[in-house]
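Trainee: this one's sequence-less:
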């Protein structure tokens, strides 16, 4: 028969093991070379006392508000695109060259804009929009803009955005002065180009006269024409071609990791800052990890296609 003192000692040991194992697992993961992601979001690694820079993971805001859209209701232009570093479209795993240091241009080399007005920015798109918004928020705060709302529609395609009334509802409610679209990751293998072109035109009409930047997907493999669909639908100079960027990937090999999203956002910002189409300043932030004060709205097209 076990003495009461022995029972208490065993209970204390078991409690310590139960509490300690998760902490020990997180500690080992933080200093390991492995990466773990859930639904495309990478579990971040942060070392105590480490400063946030381009090589660190992006901190997750603690005050984000999640809401939902309820009661969903069941022209082609030539475009100037920006081509960047070429990568082999057949490669789906990051190459050794992906890990080389990425250096930004000096801030003084980016032209200053005369317009210093504050923009109310809306970010909409698929899961890659949900990953890049942390880096985008840093740019917004640094340049005196506000990232008001982020709408991430997981597993969505241009059909969801084109034929639902979600975008219309968001624009009417939040009245953005600028919209950033990040879309296409789930359509790299799509071959029904004509159908997607019609949906893209429908989506583009929803933007009305609001200035925007349409960001193509950060391809993990060659697409079958979706980038051409989007670039030909957007107004000239308002489509950013991302497919040739070499970005570090998360463990699922489809999405960029924390560093990859920040490199991607830096390239997008360089394009905006150097183009006269975007009149407001969007220079590189001097630090990262600014507090996010907007709203996150999410949906899953696998369960709710919106139309």
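Mentor: Everything's here; your move. Bear in mind that the values here come from a model prediction, so they are computed numbers and not experimental data.
Trainee: run through the strands of the stretch 51-200 of the chain in chain order.
Mentor: 65-67, 120-125, 146-154, 178-182 (DSSP state E, counting those that start in this stretch).
Trainee: lowest mean pLDDT across these, which one is that?
Mentor: Across the strands of the stretch 51-200 of the chain, strand 65-67 has the smallest mean pLDDT, namely a mean of 41.
Trainee: who wins for proximity to residue 230 among the strands of the stretch 51-200 of the chain?
Mentor: strand 178-182 (8.6 Å; CB to CB). No exception for glycine: its C-beta is placed from N, CA and C like everyone else's.
Trainee: partner strands of the closest one, with direction?
Mentor: Take DSSP bridges as the rule and strand 178-182 pairs in its sheet with strand 120-125 (parallel), strand 212-215 (parallel).
Trainee: what pLDDT is listed against residue 199?
Mentor: As predicted, residue 199 sits at a pLDDT of 98.
Trainee: let me redo that: residue 53
Mentor: We have a pLDDT of 33 for residue 53.
Trainee: then residue 231?
Mentor: We note a pLDDT of 98 for residue 231 in this prediction.
Trainee: and it, helix, strand or coil?
Mentor: Of the three states, residue 231 takes helix under DSSP: H, G, I helix; E, B strand; the rest coil.
Trainee: count of neighbours near it?
Mentor: Using other CB atoms under 10 Å, residue 231 has 21 neighbouring residues.
Trainee: check contacts around residue 230.
Mentor: Taking CB atoms under 8 Å, 6 or more residues apart in numbering, we find residue 230 in contact with 158, 183-184, 200, 214, 216, 239.
Trainee: mind listing which of these are in helices?
Mentor: 158, 200 (DSSP state H).
Trainee: list only buried entries from the contacts of residue 230.
Mentor: 158, 183-184, 200, 214, 216, 239 (16 or more other CB atoms under 10 Å).
Trainee: now those residues as TSV including distance to residue 289?
Mentor: As requested, those are exported to TSV (distance: CB to CB, whole Å):
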residue	distance to residue 289
158	33
183	26
184	28
200	35
214	27
216	27
239	29
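Trainee: return the member of these nearest to residue 297.
Mentor: Nearest member of the buried ones among the contacts of residue 230 to residue 297, counting by CB to CB, is residue 183, at 15.4 Å.
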